[in-house]
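**Student:** Pasting the sequence and the predicted model now:
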Amino acid sequence: MTAGAVGEERPTLFLRNATGLVRGWSVRDSMIYACLSTNVVTLGMVEWAYQSTFARGQLLTAIVISGIWVSFLVIAYTGLVVTIPRAGGDYVWQSRILGSGVGFVMAATGWWFILWLWAPIYGAVLSEEFFQPIFATLGTPSQAAWFASHNGIFVVTLITIALAGVLVSIGMAGYARVQKWCFYGGLLGFAVIVILLLAFGRNTFIASFNGEASKLFGIGNAYHAQIADTAKAGYVAPSLSFGPLGPSMLLVPMMMFYLLWPNWGTTLYGEIRGASDFRRVFGGMFAGLWTTVALSVVFLLLFAKTFGWAFYQSVNANWLGAGAHALPIFPYPVMMAGWLVNNSAFQVILLLLMSLWFFGWVGTLFLSSTRVIFAAAFDRVLPDAAATVSEKRRVPMASLVLMLLPAVGLGALYAYNSTFASYTLDATLVIAVTYLFSGVAVVILPLRKPDLWAASPASRVKVLGVPVVPVAGLVTIGLLVYNLVEWLSRSAYGVNHGGSLIYMGAMYVLAIVIYVGARVIRNRQGIDLGLINKEIPVE
Amino acid sequence: MKIFFATDIHGSEICWRKFLNAAAFYKADAVVLGGDVTGKVLVPILSMPGYWEVSFGGQRVRLETRQELDDIQRKIRDRGSYPAVMAPEEVDALSESGGSLDRRFTAEMTRGLDRWLDMADGKLRGGEIPCILNGGNDDVFEIDDILERSPCVSFAEGKVLDIGGFWLVSMGWTNPTPWHTFREAPEDALAAKIDAVASQIPDMDRAIFNFHAPPYGTGLDEAPALDENLRPVHGGAVMKPVGSTAVREAILRYQPPLSVHGHIHESRGVCKLGRTLSLNPGSSYSDGVLQGAILELNEKKGKVGKYILVNG
């Protein structure tokens, strides 16, 4: 037997050599995962384009406030990870703390059904940040514009779904390596853009923008036309500052579209834990979140410097409002920065480099869904067949069908029905509801599972004698309730329309029907699903 | 015939107590523990003049009374560790190389198992409820004799046991791991062990394979990929199959109606290998949760009737 001691001066425990005793997680790997999940390029740049929804709101203020507020969510989720370090994340925590039914409904809606809607959103991003700018730069603006059409968006959505499906099929082993290189390549692209925006001034940008807009889209004096168009439409871009707070707070629910996901990898954690794990798990997610916030701030300040803040807001507002001189494709900041160098090859290479932010991110689209489907099948809530894996290729065929087919259907709706496409923030809202229940779980954890809590490293993280994790859970609940209230009370977010509410409600009804149906059917078969999380008495 | 199967409790006394209560709780006719019974961690409690001192859960705790000492020992056992009251110089001696730590671990493991078996006697009505235990790759060989001698449990390693008209065959050995544990063997040696015990089964249509190692590539054997320093790679996002090919081939060749496994705690799941239902209930011993499987066997048809995985 090989054994070892752990402790600084005198050992505080001895370990014998046994299976599963692995070293802690790499903070760097967790950070990369969290940073790609809160993706500043694929999600952030798209969402910034909607600033004009709240015309007086300041993006920088909203981003910093969101970063601070979401940091509490990171603390709350770290508490859950180190207390119940099980693969399955929200499903496992909520099932154990709040009950099997709540766990299933929240996991099915937040980690499975709503991912069907994320598929066309990913597709739209691929269209706006890859196909459209590349075809435009290659001098074929009509083909670029086709990718913005109904058919174009649908085709790209199908490509995205196929790509994500293939990545689920081949597993994460190879992809994780790709993901890391994509992150480093993406950072290199970021550095190039920083250099470009620092090296060139406003006048050079105006000239290059006017030149490219004229050459590619036939828009004359395009720079000033953007500001003039939006002014005519009644939009006055705010000057760059940190106030006023009120309208900026209204942008916070929009920033959740990209900043709410530093905990995306928490479904992956295994059983390892220890006193130091709180710092490691927290450190990875926190660093990922704040790397994204820092990149966002740097990007926006440089846009303000070189593009001009009023222009950047206006070019987006004009595109959204389809103004007379609006660009016919998404005014992708990377594309506009590339125009500073009058060389198509360089521009395409820069676009390809920055597309690594997409390709390092797309593989996780259906990863969590597969896990939820498998967990539900093992719990006998779904038919056993849902968890079958083909013998030869080890492909989870049934779960792929359960993910891909609805995603294709919703992709068609998203592409061809502009009303449905406006429900984009539904994709954030439904996951926020799942997070809300995990927030409740973390707050009541010390009461519901006192022994488990007492044994957790999370219970010893205190400030002035007060345990930090449940307090962070309360702040997280505050964050999520604030966002839910805003989303559901203001039509500007595009989620509180009849169709959107019916769509989201239908998902919850579907999850409840599946769970209740499973309870009834399994009961008839003599299987009591109520036993799954019923605790055996100790004495 | 209803069986409760659990595995990999790794010294967690709270899980052992739950295991002993599982027959009554789930109305099972027999309970089976699939291996890895003993713990991996020894927590020294320093015996000082008039008090004791221990580091537990990241905190240094000073214990003034016998009651406090008993409480902390219970908490340590519940989490699957062994409390060991010792003088500071004894701790220093254990931390030096030379094998005394190994001996101390073995002593604590065997003593702990003796305590558990005493508890079992009362709970299992003196052997009235069949309770079958097996070693796993992490268990020292010294536990075998203790289990063999116990009047209230049956030690299953390498045997064919009749439970309610089904033949349970057990093997705690696994394919090699990065930790070089006790009951590991190359795949061809595992295949030979399986064939030796399988040849004694009177009726393969009523056989249950209780093999600690899960079959390779079935989803019951997915563990985080590790680097050479035993650190999970890519933030733990990459899982890889680590089960036994010999176990997989044996299941496909012999096709018993049921096979139960453990070893890979994070790979709770169920799969079909041909006509065999294979499952791994996983393990959450460190949370004090006893993961298990309730299995209803149809004696007439020689089939698994119903099953459910539970977190008890």
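**Tutor:** Received the coordinates, thanks. Residues are numbered from 1 along each chain as shown, chains lettered A, B, ... in the order given.

**Student:** List the contacts of the nearest residue to B:C131 once chain neighbours are set aside.
**Tutor:** When the adjacent residues along the chain are set aside, B:C131 lies closest to B:V153, with 4.6 Å between them (Cβ to Cβ, 6 or more residues apart in numbering or on different chains). To be clear about C-beta, it is placed using only N, CA and C from the backbone, and glycine gets the same treatment. B:V153 sits next to B:L117, B:A120, B:L124, B:G127, B:C131, B:I132, B:L133, B:L147 when contact means Cβ atoms under 8 Å, 6 or more residues apart in numbering or on different chains.

**Student:** so A:L13 sits right up against B:K40, yeah?
**Tutor:** No. The pair A:L13 / B:K40 is not scored as a contact, 10.1 Å apart, by Cβ atoms under 8 Å.

**Student:** if we can go back for a sec, most neighbours out of the contacts of B:V153, which is it?
**Tutor:** Using other Cβ atoms under 10 Å in any protein chain shown as the neighbour criterion, B:L133 leads the contacts of B:V153 with 27 neighbours.

**Student:** Quick check: the gap between it and B:V233.
**Tutor:** Note on B:L133: its distance to B:V233, by Cβ to Cβ, to the nearest Å, is 35 Å.

**Student:** for A:A119, same thing?
**Tutor:** Relative to B:V233, A:A119 is positioned 28 Å away (Cβ to Cβ).

**Student:** Then B:G35?
**Tutor:** From B:G35 over to B:V233 the distance is 27 Å, taken as Cβ to Cβ.

**Student:** Looking at these two, which one has more neighbours?
**Tutor:** Remark: of B:G35 and B:V233, B:G35 carries more neighbours, 30 against 18, as counted by other Cβ under 10 Å.

**Student:** Give me the phi and psi for that one.
**Tutor:** Per-residue torsions, B:G35: phi 120, psi 170 (degrees, to the nearest 10).

**Student:** Was I right to think it contacts B:I132?
**Tutor:** No. Because the distance of 10.9 Å does not satisfy Cβ under 8 Å, B:G35 is recorded as not touching B:I132.

**Student:** residue contacts, A:L163?
**Tutor:** A:L163 sits next to A:V362 when contact means Cβ under 8 Å, 6+ apart.

**Student:** in the stretch 301-450 of chain A, which ranges drop under the pLDDT threshold?
**Tutor:** For the stretch 301-450 of chain A, the stretches with pLDDT under 70 are A:391-393.

**Student:** Could you list which of the contacts of B:V153 belong to strands?
**Tutor:** B:C131, B:I132, B:L133 (DSSP state E).

**Student:** What is the nearest of those residues to chain A?
**Tutor:** Checking those against chain A with Cβ to the nearest Cβ, the nearest one is B:C131 at 14.8 Å.

**Student:** Who is that closest one paired with across the strands?
**Tutor:** Beta bridges link B:C131 to B:V31 when assigned by DSSP bridges.

**Student:** give me the number of residues near residue 255?
**Tutor:** Picking chain A for this. Here the neighbour count serves as a burial measure; for A:M255 (other Cβ under 10 Å) it reads 28.

**Student:** think we crossed wires, I meant chain B
**Tutor:** That count, for B:Q255 with other Cβ under 10 Å as the rule, works out to 15.

**Student:** Low-confidence regions, the stretch 201-312 of chain B specifically.
**Tutor:** B:234-237.

**Student:** do that again at 80, thanks
**Tutor:** B:224, B:229-239 (pLDDT under 80).

**Student:** Ok, the stretch 1-150 of chain B next?
**Tutor:** Low-confidence segments of the stretch 1-150 of chain B, defined by pLDDT under 80: B:57-59, B:95-99, B:122, B:124-127.

**Student:** And the strands in it, which stretches?
**Tutor:** In order along the chain, the stretch 1-150 of chain B carries the following strands (DSSP state E, counting those that start in this stretch): B:2-6, B:30-33, B:41-48, B:51-56, B:59-63, B:81-86, B:131-133.

**Student:** does any bit of the first one sit next to chain A?
**Tutor:** Which is strand B:2-6. No. Contact check for strand B:2-6 against chain A, using Cβ under 8 Å from any Cβ of the partner chain: none in range, with a minimum separation of 9.5 Å.

**Student:** quick one: that strand to chain centroid distance?
**Tutor:** With Cα atoms, centre = their mean, to the nearest Å as the basis, strand B:2-6 stands 13 Å off its chain's centre.

**Student:** who does that strand touch, helix- and strand-wise?
**Tutor:** Using 3 or more Cβ pairs under 8 Å, 6 or more residues apart in numbering or on different chains; DSSP states H and E as the contact test, the elements touching strand B:2-6 are helix B:13-26, strand B:30-33, strand B:291-298.

**Student:** among the ones you listed, which is the most enclosed?
**Tutor:** For the helices and strands packed on strand B:2-6, ranked by mean neighbour count under the definition mean count of other Cβ atoms under 10 Å in any protein chain shown, the leader is strand B:30-33 at a mean of 26.

**Student:** Show me where chain A has its strands.
**Tutor:** Under DSSP E, chain A gives strands at A:3-6, A:13-16, A:462-463, A:466-467.

**Student:** Mean pLDDT lowest where, among these?
**Tutor:** Ranked by mean pLDDT, these bottom out at strand A:3-6, with a mean of 60.

**Student:** Just give the nearest non-adjacent residue to B:G34, would you?
**Tutor:** The shortest distance from B:G34 to any non-neighbouring residue, by Cβ to Cβ, 6+ apart, is to B:T7 (3.3 Å).

**Student:** My guess is the one you found contacts B:V31. True?
**Tutor:** No. Counting by Cβ under 8 Å, B:T7 does not reach B:V31; the two are 11.4 Å apart.

**Student:** hmm, back to that, so which of the strands of the stretch 1-150 of chain B gets nearest A:G473?
**Tutor:** Checking these against A:G473 by Cβ to Cβ gives strand B:59-63 as the closest, at 21.9 Å.

**Student:** Could you see whether chain A lies near that closest one?
**Tutor:** Yes. With Cβ under 8 Å from any Cβ as the threshold, strand B:59-63 lies in contact with chain A, specifically through B:Q59.

**Student:** Distance check, the residue in the stretch 401-539 of chain A that chain B sits nearest to against A:R380.
**Tutor:** The minimum distance from the stretch 401-539 of chain A to chain B, using Cβ to the nearest Cβ, falls at A:I536 (3.8 Å). Look at A:I536 and A:R380: by Cβ to Cβ, they are 19 Å apart.

**Student:** A:L452 too?
**Tutor:** Using Cβ to Cβ, which is the criterion applied here, A:L452 is 25 Å from A:R380.

**Student:** now A:P396
**Tutor:** Using Cβ to Cβ, one obtains 17 Å as the distance from A:P396 to A:R380.

**Student:** A:R86 now?
**Tutor:** Taken as Cβ to Cβ, the spacing of A:R86 relative to A:R380 amounts to 18 Å.

**Student:** the more surrounded of the two?
**Tutor:** Counted by other Cβ under 10 Å, A:R86 and A:R380 do not tie: A:R86 has more neighbours, with 27 against 22.

**Student:** Which residue comes closest to that one once chain neighbours are left out?
**Tutor:** Nearest one to A:R86, counting by Cβ to Cβ, 6+ apart, is A:V92 at 4.5 Å.
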